[in-house]
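Peer 1: Quick one: sequence plus predicted model below, questions after.
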Amino acid sequence: MAFPTQVRLVEVGPRDGLQNEAEPIATATKLELIDRLGAAGLTHIEAASFVSPKWVPQMADHREVMTGLKRRPGVVYSALTPNLKGLEAALACGTEEVAVFGAASEAFSQKNINCSVAESLERFVPVLARAQEAGVRVRGYVSCVLGCPYEGEIAPAKVAEVSRALLDMGCYEISLGDTIGVGTPLKAKRMLEAVAREVPMAQLAAHFHDTYGQAIANLYAVLEEGVAVIDGSVAGLGGCPYAKGASGNVASEDVVYLLQGLGIETGIDLDKLAATGTWITQAIGRPNRAKVGVALAAK
């Protein structure tokens, strides 16, 4: 297959990246990060996570974030809502798109949310029904698509099964997550081939972490197959707390540089994006894991 001519980059840094910080980040800092990302040309930003403050205190200010946004025309500001309570809170804040999060690994599902994969999917049914009633789109995530910290290898057929269930439930798009970053290009292609037999390629996204330094290579592999939506995290922020040594999601700056080199349109200003990565890592005292961002800052 040919590369797509355009790719939509979904920025998950404000949600996926900052919720993994040891200490809560100031709400004003989150809001400025989101505004800078919008100014750089990002059109889809996951801004918050409506989870229990007891379990994820870093996201306790989700209401303040979603109501304090300087909304830019043409930008979608979405939020993670793992249950009906979270969805109702997100709707009350005017959230226009939400996301639910499942897993392809039974062991990961049990360890992460204390239920089986089938039970987790059942929990999403009322969430999807309420979101549809409210006219809000729902994005579905599947974690551990290329490996699990407890089970090891994950069968592509299982990833396809969970992805299809989310699609049938009403998710408009399914993001395939290499949560612990163990995938390689051939495994990524084989997994995608299995999923694409159940879910149209146009409704699939790639969410690859960079623990073993393979995220960009894996993205190149799935771009060749026709994937046209990629999740990224500015400066490579984040990581999976259940995987030893796991780094964050692939750096958005590195993804944009790759896409520009392939002649694929994104509408993103790389210099502004890289400057944002430099700013946020300095603001929270974390290393910048975006190779492109570090290189541009050194010029």
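Peer 2: Noted; the coordinates are in hand.
Peer 1: where exactly do the strands run in the stretch 101-250 of the chain?
Peer 2: All strands of the stretch 101-250 of the chain, identified by DSSP state E, counting those that start in this stretch, fall at 137-143, 173-178, 204-208, 229-232.
Peer 1: Include mean pLDDT, distance to I154 and mean neighbour count when you put those into JSON lines, please.
Peer 2: Heads up, the C-betas are built off the backbone N, CA and C, glycines and all. Written out in JSON lines, the entries for the strands of the stretch 101-250 of the chain read as follows (pLDDT from 0 to 100; distance: least, Cβ to Cβ, whole Å; neighbours: other Cβ atoms under 10 Å):
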{"stretch": "strand 137-143", "mean pLDDT": "97", "distance to I154": "10", "mean neighbour count": "24"}
{"stretch": "strand 173-178", "mean pLDDT": "97", "distance to I154": "10", "mean neighbour count": "27"}
{"stretch": "strand 204-208", "mean pLDDT": "97", "distance to I154": "14", "mean neighbour count": "26"}
{"stretch": "strand 229-232", "mean pLDDT": "98", "distance to I154": "18", "mean neighbour count": "26"}
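Peer 1: Quick check: which of these is nearest to A104?
Peer 2: Using Cβ to Cβ as the measure, strand 137-143 is the one of the strands of the stretch 101-250 of the chain that comes nearest A104, at 5.4 Å.
Peer 1: for the closest one, packing partners?
Peer 2: Counting contacts by 3 or more Cβ pairs under 8 Å, 6 or more residues apart in numbering; DSSP states H and E, the secondary-structure elements packed against strand 137-143 are strand 97-103, helix 117-134, helix 156-169, strand 173-178.
Peer 1: Recalculate using a threshold of 6 Å.
Peer 2: When contacts are defined as 3 or more Cβ pairs under 6 Å, 6 or more residues apart in numbering; DSSP states H and E, strand 137-143 packs onto strand 97-103, helix 156-169, strand 173-178.
Peer 1: tilt between that strand and strand 204-208?
Peer 2: Taking axes from the mean of the first three to the mean of the last three Cα atoms, to 10 degrees, strand 137-143 and strand 204-208 form an angle of 50 degrees between their directions.
Peer 1: 3 is where my numbering starts, stick with that
Peer 2: I'll keep to 3 as the first residue from here, and by that count the last item is strand 139-145.
Peer 1: Direction included, what does strand 139-145 pair up with?
Peer 2: In the sheet containing strand 139-145, its partner strands are strand 99-105 (parallel), strand 175-180 (parallel), by DSSP bridges.
Peer 1: Can you say which of these is nearest to A4?
Peer 2: Counting by Cβ to Cβ, and looking across all of the strands paired with strand 139-145, nearest comes strand 175-180 at 20.3 Å.
Peer 1: So what touches the closest one?
Peer 2: Applying Cβ atoms under 6 Å, 6 or more residues apart in numbering, the contact partners of strand 175-180 are 141-145, 147-148, 165, 168, 201, 205-211, 233.
Peer 1: Format the strands of the stretch 103-252 of the chain as JSON lines; extra columns: distance to V14.
Peer 2: As requested, the strands of the stretch 103-252 of the chain are exported to JSON lines (distance: least, Cβ to Cβ, whole Å):
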{"stretch": "strand 139-145", "distance to V14": "10"}
{"stretch": "strand 175-180", "distance to V14": "9"}
{"stretch": "strand 206-210", "distance to V14": "7"}
{"stretch": "strand 231-234", "distance to V14": "5"}
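Peer 1: nearest to S254, of those?
Peer 2: Each of the strands of the stretch 103-252 of the chain was scored for nearness to S254 using Cβ to Cβ, and the closest is strand 231-234 (3.4 Å).
Peer 1: Next secondary structure element downstream of the closest one?
Peer 2: Proceeding N to C from strand 231-234, the next assigned helix or strand is helix 254-263, under DSSP states H and E.
Peer 1: Give me the helix or strand of this protein that scores worst on average pLDDT.
Peer 2: Across the helices and strands of the chain, mean pLDDT, DSSP states H and E gives its lowest value to helix 108-115, namely a mean of 85.
Peer 1: Show me what that one is packed up against.
Peer 2: In terms of contacts (3+ Cβ pairs under 6 Å, 6+ apart), helix 108-115 is packed against helix 119-136.
Peer 1: can you list the weak-confidence ranges in the stretch 153-301 of the chain?
Peer 2: Flagging of the stretch 153-301 of the chain using pLDDT under 70 yields the residue ranges 241-248.
Peer 1: Apply 90 and report the result again.
Peer 2: 240-250, 301 (pLDDT under 90).
Peer 1: hang on, the earlier thing: can you tell me which of the strands paired with strand 139-145 is nearest to I36?
Peer 2: Each of the strands paired with strand 139-145 has some distance to I36 by Cβ to Cβ; the shortest is strand 99-105, at 14.3 Å.
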